[in-house]
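Colleague: Structure for the following, please:
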Amino acid sequence: MQDRPNWWQRAGTQRLPRRRLLARGGLAASGIALTAAFGCGSKGNPSVQPAASSGGQAGTPQQGGTLNVSQLSNATTLDVQRTTSFYTLQPAGAVQSRLMRFKTGTDLKTAEDHDVEGDLAVSIESPDAVTWTVKLRPDAKYHNVAPVNGRLVEAEDVKATFTRGVGKDNPASGSLSMIDPDQIQTPDNTTVVFKLKYPYAPFNKTLASASYSYLFPREVLTGGYDPAKTFVGSGPFLLDSFQPDVAFNFKRNPEYYDKGHPYVDAVHYSIIPDASQRMAQFTSANLDTLGEAGSTISPNDIETLQRTNPKARFLENAPQTGGPDCLFFQLGDPASPFQDVRLRRAVSMALDRDVLAKTMWGGKVEPGGFYVGHDFGKWALRLNDLSADVAGYYKFDPAGAKKLLAESGNADRTLKLIYVTGYLAPPYDTAAQTIANMLQSAGFKLSLVTVDYQKDYIGGGKGIRYGNYPADQIIFAGISTFTEADEFIFNYYDSQGTSGISRLKDSALDGMIQKARATLNESDRVTAYKNIQKYLADKMYTVMGFSNPTQKVMVNPRVQNYQRVFGYGFFAETYTKLGLQKS
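Modeller: Below is the predicted model of the structure:
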């Protein structure tokens with residue numbers, strides 16, 4: 001084994017017959033009807049045992065009180081179809097409903113199944129994964145605000161939402177590419193029929209996504225209100241006020257269809273960029289949770305937090321893709337030096353992944369971490385799934401990295417490593433410096449450059465996140481949180497995806513993805529997506545596999561019935577279901 005430099009010290013303080021079956025994970029075979037498909041998903045990796053599996057205090061929560069939670073950064077727009085930022089997508093869930101939502105429970109492993117249930121839909125069925133019929137709740141009302149004024153949610157609202165969603169102004173429109181807006185039918189006020197462009201077995205999860213399936217009222221198409229400045233919906237809470245850079249305030253929706261919910265009267269949703277301030281607010285009981293909405297808990301702070309908050313519950317879930325664990329390259333430019341796979345592999349081999357795991361997460365990671373999160377169980381690729389030659393590119397080998405760097409003809413080229421401020425917790429800053437040091441030690445000429453999350457990375461849908469950066473830059477960032485294996489693969493690596501940070505164009509890969517998306521048999525789809533990930537690992541289109549941490553949240557003792565969710569749907573799937581003990 002090669003000697004490992006003291007990267008921490010270098011980083012310093014830098015920071016069939018039409019039988020109707022309950023479907024799990026897709027269609028059992030072509031021709032089988034999929035009805036009431038509220039149970040699709042897969043178990044997380046059984047080898048990862050969370051430190052605590054219970055959200056605590058089962059039973060009926062008490063009514064009343066104000067829940068105090070936070071996120072790191074401001075929402076620069078409130079229009080969920082004009083951004084992919086979770087700083088908009090998460091608070092939007094307080095107000096805007098979805099057709100489906102993900103199941104949660106006080107046993108935190110429930111969320112790892114990625115099963116779905118109805119939100120505004122009471123049923124969803126498909127005989128062939130092309131035609132999907134959705135029946136709406138007849139009693140769901142929009143909030144009593146202009147321009148909807150408490151009217152019922154109707155099928156035309158669903159059609160308007162997805163017609164707008166597939167438009168070119170939506171940076172996530174590629175995720176809805178299976179939808180033909182001209183083939184959305186509304187035979188009556190409570191029925192919507194989608195006729196997709198191609199079979200797509202996990203479409204029920206598309207409709208549950210808090211990334212791109214929040215429902216608007218149809219007035220959004222006619223200028224009835226400005227969705228960039230306010231949320232209008234039928235969800236569990238109403239927007240009471242929003243002060244940029246300070247807080248959202250939400251109040252309970254008294255007309256919410258799920259009677260008795262939410263239990264809390266209000267949610268104060270603070271914007272607190274500073275990690276030490278969030279910790280202080282949690283310890284002083286001014287925040288009820290810590291570690292949500294991208295505010296990752298640093299492993300260096302866990303012992304202190306547990307000591308200063310002895311009654312708080314420390315919850316831990318299986319590893320999840322979405323953290324700052326990727327290096328992206330500009331692959332849309334034919335002149336990019338990273339078109340040479342030797343250069344991409346050199347970057348990977350320069351990384352001491354064991355040290356990065358300790359730097360970022362105190363070593364509490366599952367080895368690997370590729371493309372689809374480990375919390376997706378059988379869909380996720382792991383290091384031991386790779387062939388020996390490909391696995392070699394993921395091992396720390398600075399000499400090998402220097403050799404490939406020279407062979408690629410880029411040893412004298414100066415590159416920039418970009419990392420984002422105002423993005424995630426302090427371990428991310430330290431890891432960026434550590435990665436820079438590792439690359440420099442392997443012969444890379446490199447400078448470390450910071451950019452602002454909202455201004456430069458998101459950039460109103462036109463920033464780095466969407467592939468707008470020079471070819472001499474390496475982007476250190478994370479993968480967005482998704483709810484289905486295909487979403488990770490299609491969004492980032494298909495040439496028709498609109499959320500690909502690398503702007504990759506690989507026709508062979510496109511063909512593999514399109515075939516996998518239309519595969520109805522689940523076991524065949526699992527195999528297809530594992531093979532796609534092996535292809536990606538070999539091509540090294542993104543350098544991954546150096547951190548996949550367990551997900552940690554702390555919850556103050558007054559919170560009852562806490563139910564953790566993967567994704568951005570905290571309001572409907574967590575905050576609506578919890579209660580607060582009265583003092």
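
Colleague: which stretches of the stretch 351-500 of the chain form strands?
Modeller: Per DSSP state E, counting those that start in this stretch, the stretch 351-500 of the chain has strands spanning 414-421, 445-452, 473-477. These are given in chain order.

Colleague: excluding its backbone neighbours, what's nearest Asn468?
Modeller: For Asn468, ignoring the flanking residues on the chain, the nearest one in space by Cβ to Cβ, 6 or more residues apart in numbering is Lys462 at 6.0 Å. Any C-beta I mention is one placed from the backbone N, CA and C, and that applies to glycine too.

Colleague: swap in Pro202?
Modeller: Residue nearest to Pro202 in three dimensions, not counting chain neighbours: Glu484, with 4.7 Å by Cβ to Cβ, 6+ apart.

Colleague: State the pLDDT value of that neighbour.
Modeller: Model confidence at Glu484, expressed as pLDDT, equals 81.

Colleague: on that earlier part again, for the strands of the stretch 351-500 of the chain, state which one has the densest average packing.
Modeller: A comparison of these by mean neighbour count, using mean count of other Cβ atoms under 10 Å, puts strand 473-477 on top with a mean of 22.

Colleague: Parallel or antiparallel, list what pairs with that strand.
Modeller: Sheet pairing here is set by DSSP bridges, and for strand 473-477 it gives strand 326-329 (antiparallel), strand 414-421 (parallel).

Colleague: okay if I get those as a markdown table plus mean pLDDT and distance to Asp472?
Modeller: Conversion of the strands paired with strand 473-477 to a markdown table gives the following (pLDDT from 0 to 100; distance: least, Cβ to Cβ, whole Å):
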| stretch | mean pLDDT | distance to Asp472 |
| --- | --- | --- |
| strand 326-329 | 94 | 10 |
| strand 414-421 | 92 | 5 |
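
Colleague: hang on, isn't the residue nearest to Pro202 packed against Thr206?
Modeller: Yes: with contact taken as Cβ atoms under 8 Å, Glu484 and Thr206 are classed as touching, separated by 7.2 Å.

Colleague: Give me the more crowded residue out of these two.
Modeller: Neighbours per residue, other Cβ atoms under 10 Å: of Glu484 and Thr206, the larger number sits with Glu484, 28 against 25.

Colleague: quick one, what contacts that one?
Modeller: By Cβ atoms under 8 Å, 6 or more residues apart in numbering, the contact list for Glu484 reads His114, Pro202, Lys205, Thr206, Ser209.

Colleague: Swap in 10 Å and give it another go.
Modeller: Residues in contact with Glu484 (Cβ atoms under 10 Å, 6 or more residues apart in numbering) are 25-26, 40-41, 114, 116, 175, 200-206, 208-209, 372, 376, 379, 490, 529.

Colleague: Those residues in strands, which ones?
Modeller: For these, membership in strands holds for Val116, with DSSP state E as the criterion.

Colleague: pretty sure Gly260 is touching Gln62, no?
Modeller: No: at 11.7 Å, Gly260 and Gln62 do not qualify as touching, with contact defined as Cβ atoms under 10 Å.

Colleague: quick one: which of the two has more around it?
Modeller: Gln62 (15 against 9).
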